[in-house]
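S.K.: sequence first, then the predicted structure:
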Amino acid sequence: METSQLQHTNRQYEEELRDLRNNLLKMGGTVERQIADAVQATVNRDSAMAQRVIADDAEVNRMDIEVEELCIKLLALRQPAARDLRFITTGLKINVDLERIGDLAVNIAERALELNQEPMVKPFLDIPRMATLARSMVKDSLDAFTREDCALAEDVIRRDDQVDQLNYQIFRELLSYMAEDARTIGRGTRILFVSRYLERIADHATAIAEMVIFMVKGKTIRHMDKAQR
């Protein structure tokens, strides 16, 4: 009887761990879509789509609470050790990063609503490129988490430099526009905010990738320079 009960408990525990992984992936898929839709709303001047991104924030917040509660339950009731403990604590931190990514997508949508009320400053060429790169980093960081793939996580971390370069390039271009025509300052500043939000999304994807390496190797690489890694 005790053996049967232990097996049941173990199966239930494994199911809860799978639920945690699946819930994080579902949340990740939602915020990826938010990023894509928010940038599309900006580029296509689609205010209805921007409003949908903002409305989706409630669902992301609901998932955030659900994942957090599951992690706390696992830590409190299962008393995990070693690898399982790292998996659950990593899930808890990934949850925070995903919720913040969702918030940043909402910020982009809010800037889109403002920009859509005024003439365009310049074609949005680099913003979609930056968004595609940031989205791929979010997706691949979660794939690395699911597959426990440190090589993919390290590739995500390297890509952060490309996003930073695009952010700087956009900053320089918009600064030139605003210097030439003071009437573009308000619109240019909003586009700079969009670029900054995408750069922050990439930072959160990088943080997820760093946590994957911690989960798999038990090694903390945050605050290390590249040579130390």
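M.R.: In hand now; what should we look at?

S.K.: from now on I want contacts and neighbour counts done on CA atoms only, so please keep to that.
M.R.: Fine.

S.K.: for E16, see how far away K73 is.
M.R.: Using Cα to Cα, to the nearest Å, we find K73 at a distance of 10 Å from E16.

S.K.: higher neighbour count, these two?
M.R.: E16 (16 against 13; other Cα atoms under 10 Å).

S.K.: quick check: which element contains that one?
M.R.: Assigned by DSSP states H and E, E16 belongs to helix 2-43.

S.K.: would you tell me what the next helix or strand after that helix is?
M.R.: For helix 2-43, the succeeding helix or strand toward the C-terminus, using DSSP H and E, is helix 47-73.

S.K.: now that next one against helix 2-43, angle please.
M.R.: Calculated by axes from the mean of the first three to the mean of the last three Cα atoms, to 10 degrees, helix 47-73 forms an angle of 160 degrees with helix 2-43.

S.K.: show me how far helix 47-73 is from its chain's centre.
M.R.: When distances are taken as Cα atoms, centre = their mean, to the nearest Å, helix 47-73 is centred 13 Å away from the chain's centroid.

S.K.: and it, which residues are buried?
M.R.: Of all the residues in helix 47-73, those buried under the rule 16 or more other Cα atoms under 10 Å are 47, 49-54, 56-57, 60-61, 63-64, 67-68, 70-71.

S.K.: go on, stretch 180-191?
M.R.: For stretch 180-191, the buried set under the neighbour-count rule, 16+ other Cα under 10 Å, comprises 184-185, 187-191.

S.K.: okay, it in CSV with CA atoms only?
M.R.: Extracted as CSV, the C-alpha positions of stretch 180-191 are listed here (Å, rounded to 0.1, in the frame of the first residue of the first chain):
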residue,chain,number,x,y,z
GLU,A,180,16.8,68.8,-38.5
ASP,A,181,13.1,69.4,-37.7
ALA,A,182,12.0,70.2,-34.2
ARG,A,183,8.4,69.2,-35.1
THR,A,184,9.4,65.6,-35.2
ILE,A,185,10.8,65.5,-31.6
GLY,A,186,7.6,64.2,-30.0
ARG,A,187,7.1,61.4,-32.6
GLY,A,188,10.8,60.6,-32.7
THR,A,189,10.9,60.2,-29.0
ARG,A,190,8.0,57.8,-29.1
ILE,A,191,9.8,55.7,-31.7
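
S.K.: span of stretch 176-196 from start to end?
M.R.: End-to-end distance for stretch 176-196: 17 Å, by Cα to Cα.

S.K.: and that stretch, how far out from the chain middle?
M.R.: That offset, for stretch 176-196, works out to 25 Å (Cα atoms, centre = their mean).

S.K.: can you list contacts of it?
M.R.: Where contact means Cα atoms under 8 Å, 6 or more residues apart in numbering, the residues beyond stretch 176-196 that reach it are 107-108, 111, 115, 118, 120-121, 127, 130, 167, 170-171, 174-175.

S.K.: can we see that at 7 Å?
M.R.: By Cα atoms under 7 Å, 6 or more residues apart in numbering, the surrounding residues in contact with stretch 176-196 are 108, 111, 115, 121, 127, 167, 171, 174.
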